[in-house]
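**Student:** sequence plus the predicted model coming up.
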Amino acid sequence: MRILSWNDNTKEKILSELQKRSPTHYKEYEDAVNAIIEDVRMRGDEAVFSYTKQFDGVMLTPDNVEVTEEEVRKARASLPQEFLDILLKAGENIRVFHEKQMQYSWFDSTEDGTILGQKVSPICRAGVYVPGGKAAYPSSVLMNIIPAKVAGVHEIVMTTPCNASGQVDPATLTAASMAGADRIFKVGGAQAVAAMAFGTQSIPRVDKIVGPGNIYVALAKKAVFGYVSIDAVAGPSEILVLADETADPRFAAADLLSQAEHDELASAILITTSEALAQQVSAEADCFIETLERREIIKKSLDNYGYILVVPDMDTAIRAANEIASEHLEILTEDPFAILPKIRNAGAIFLGSYSCEPLGDYFAGPNHVLPTNGTARFFSPLSVDDFIKKSSVISYSRDALSQVYQDIAGFAEQEQLTAHANSIRVRFEEEEK
């Protein structure tokens, strides 16, 4: 891995390079995606089935587009019991964590007849997109569906590509069933996003679309935002390891590569105060790469977006980490909890040598759907909050309103909204005569 000193010049270059990975920079795909979306919007099932035949090589019909209960049973039966047990354990950890995020309606009242409050309601129907092309990710199925289930979403619709035989990955189907998906459709790509956004003859319209996908899926979610809500426009995976001289170089190298193997656009960055550690981690990474199956992807990822950054002190390291705002941040220092309060921008924070990033990906419980491309500056991980909405509640008695109606009418008249003022004054016409 390349080793650089962190300074103003390298900072601007690295932040610029990382930003190029954002789906918003892939304008050349937008016209194709928008054409698919508009076609699905106009022709519904006919367009969805046509694109599925074109891209996935399978002919779907209204009779076979939806996964049946029998298909789910066969999928589950095909998996080893050991893996089913792991899915159940992971699912339970995810459920317990997200139950702690629940919000509830509240109301405050006063003696003069004022009631103010907030009503919390789940969205009616959530759409979950699950990738199924190069690899299957049952962990993402759990992470996207379980928070929606905890939130009380009335119906959870999942779409995922099938193979040329019309079959969906068994682990994906099983995870979806365990997590609580109500309906599953064998559709992927931009056409699946469009189908959930606008509805077709077979696939119902949803209120919100969540879940990862390739560039076409990401741009499709971006394009339908406003017709439906979305979680975020996700970019490639990334990890930042913040380390001092006490860090284990093998641990740090292994953790960097755990994200580099995702994608040639994935980013893996080490920031350290120790030149010696920087050299050791680079050497360990080189050794690991030769033994890993996805070594070609890892090499390209590190060549493009992999960095080891040496800084003069920990304060500089922390500032750099906050500026990069990584999806995953590991803190491998002598006292990681002392650094935690200074971290402002990160999707998920892993503290200590035995809190490696895959722990969060699969098992610990916090969501692994995280903000990427620096959006941890203003976005949060997927949570129960993504599947609820809030309504303000206002109730005033006549006595309560009589004490403030002149103020309200005066405010409205200041804004020259006389109908607003009239709506207030009409209730007290007798007093104003």
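**Tutor:** Great, that's in hand.
**Student:** quick one: distance of the helix or strand harbouring M196 to the chain centre.
**Tutor:** Secondary structure here is read from DSSP states H and E; on that basis M196 sits in helix 189-198. On the basis of C-alpha atoms, centre = their mean, to the nearest Å, helix 189-198 is displaced by 18 Å from the centre of the chain it belongs to.
**Student:** other SSEs contacting that helix?
**Tutor:** Helices and strands touching helix 189-198, as assessed by 3 or more C-beta pairs under 8 Å, 6 or more residues apart in numbering; DSSP states H and E, comprise helix 30-43, helix 45-56, strand 125-129, strand 155-159, strand 208-210, helix 215-224. C-betas here are computed from N, CA, C, even on glycine.
**Student:** can you say which of these is packed in most?
**Tutor:** Of the helices and strands packed on helix 189-198, the one with the most neighbours on average (mean count of other C-beta atoms under 10 Å) is strand 125-129, at a mean of 28.
**Student:** list the neighbouring strands of that one plus their orientation.
**Tutor:** Taking DSSP bridges as the criterion, strand 125-129 sits next to strand 155-159 (parallel), strand 208-210 (parallel) in its sheet.
**Student:** tilt between the longest one and helix 189-198?
**Tutor:** An angle of 160 degrees separates the directions of strand 155-159 and helix 189-198 when computed by axes from the mean of the first three to the mean of the last three C-alpha atoms, to 10 degrees.
**Student:** show me the contact partners of strand 155-159.
**Tutor:** Judged by C-beta atoms under 8 Å, 6 or more residues apart in numbering, the contacts made with strand 155-159 from elsewhere in the structure are 124-130, 141, 145, 148-149, 176, 180-188, 192, 195-196, 203-204, 206.
**Student:** which residues touch the helix holding M196?
**Tutor:** The list of residues contacting helix 189-198 from outside it, by C-beta under 8 Å, 6+ apart, reads 33, 36-37, 39-41, 44, 47-48, 51-52, 55-56, 127, 129, 157, 159-161, 185, 187, 203-206, 209, 213-214, 216-217, 219-221, 224, 227-228.
**Student:** what does stretch 9-26 give?
**Tutor:** Counting contacts by C-beta under 8 Å, 6+ apart, the residues touching stretch 9-26 from outside are 4, 215, 218-219, 222, 233-236, 238, 265, 267, 269, 304-305, 307, 309, 320, 323-324, 373-374.
**Student:** and what of stretch 358-367?
**Tutor:** By C-beta under 8 Å, 6+ apart, stretch 358-367 touches 89-90, 93-94, 96-98, 139, 143, 147, 258, 328, 348, 350, 368, 381-383.
**Student:** same thing but at 6 Å, please
**Tutor:** Contact with stretch 358-367 is made by A90, N93, I94, F97, S139, M143, S258, A348, H368, P381, L382, as judged by C-beta atoms under 6 Å, 6 or more residues apart in numbering.
**Student:** what's the most distant pair in the residues you listed?
**Tutor:** Of all pairs drawn from those, the widest gap by C-beta to C-beta lies between F97 and S258 and measures 21.1 Å.
**Student:** what's the closest non-adjacent residue to L292?
**Tutor:** Taking C-beta to C-beta, 6 or more residues apart in numbering, and ignoring the residues beside it in sequence, L292 has I298 as its nearest neighbour in space, at 6.3 Å.
**Student:** I'd assumed H262 was in contact with that neighbour.
**Tutor:** No: using C-beta atoms under 6 Å, I298 makes no contact with H262, being 9.3 Å away.
**Student:** the more surrounded of these two?
**Tutor:** Ranked by neighbour count (other C-beta atoms under 10 Å), I298 and H262 place I298 first, with 25 against 19.
**Student:** pLDDT value on that one, please?
**Tutor:** The per-residue pLDDT reported for I298 equals 95.
**Student:** residues touching it, list them.
**Tutor:** So I298 contacts L257, A260, E261, I289 (C-beta under 6 Å, 6+ apart).
**Student:** widest-spaced pair of these?
**Tutor:** Longest distance between any two of those is 9.6 Å, between E261 and I289; criterion C-beta to C-beta.
**Student:** neighbours of G213, just the number please.
**Tutor:** For G213, using other C-beta under 10 Å, the count is 27.
**Student:** correction: the previous question concerned I203.
**Tutor:** Applying other C-beta under 10 Å, we find 26 residues neighbouring I203.
**Student:** what residues are up against it?
**Tutor:** With contacts taken as C-beta under 6 Å, 6+ apart, I203 has the following neighbours: F185, A195.
**Student:** quick check, it in a helix?
**Tutor:** No: under the criterion used here (DSSP: H, G, I helix; E, B strand; the rest coil), I203 is coil, not part of a helix.
**Student:** what about it, distance to I271?
**Tutor:** 45 Å (C-beta to C-beta, to the nearest Å).
**Student:** just name the shakiest helix or strand of the protein by mean pLDDT.
**Tutor:** None of the helices or strands of the chain scores lower by mean pLDDT, DSSP states H and E than helix 429-432, at a mean of 78.
**Student:** other SSEs contacting it?
**Tutor:** The criterion is 3 or more C-beta pairs under 6 Å, 6 or more residues apart in numbering; DSSP states H and E, and there are no helices or strands that helix 429-432 contacts.
**Student:** and that helix, which residues are buried?
**Tutor:** For helix 429-432, the buried set under the neighbour-count rule, 16 or more other C-beta atoms under 10 Å, is empty.
**Student:** and that helix, how far out from the chain's middle?
**Tutor:** Using C-alpha atoms, centre = their mean, the distance from the centre of helix 429-432 to the centre of the chain it belongs to is 55 Å.
**Student:** got it, and stretch 265-276?
**Tutor:** Here the centre of mass of C-alpha atoms in stretch 265-276, compared against the chain's by C-alpha atoms, centre = their mean, lies 24 Å away.
**Student:** what ranges in the protein fall below the confidence cut-off?
**Tutor:** Counting by pLDDT under 70, the chain contains low-confidence ranges at 24-25, 133-134, 432-433.
**Student:** go again with 80.
**Tutor:** Filtered on pLDDT under 80, the chain yields the residue ranges 22-27, 133-135, 431-433.
**Student:** what residue is smack in the middle of it?
**Tutor:** In the chain, the residue lying closest to the centroid (C-alpha atoms, centre = their mean) is V369, at 3.6 Å.
**Student:** so it: helix, strand or coil?
**Tutor:** Three-state secondary structure (criterion: three-state DSSP) places V369 in coil.
**Student:** got it, and G117?
**Tutor:** Taken by three-state DSSP, the conformation at G117 corresponds to strand.
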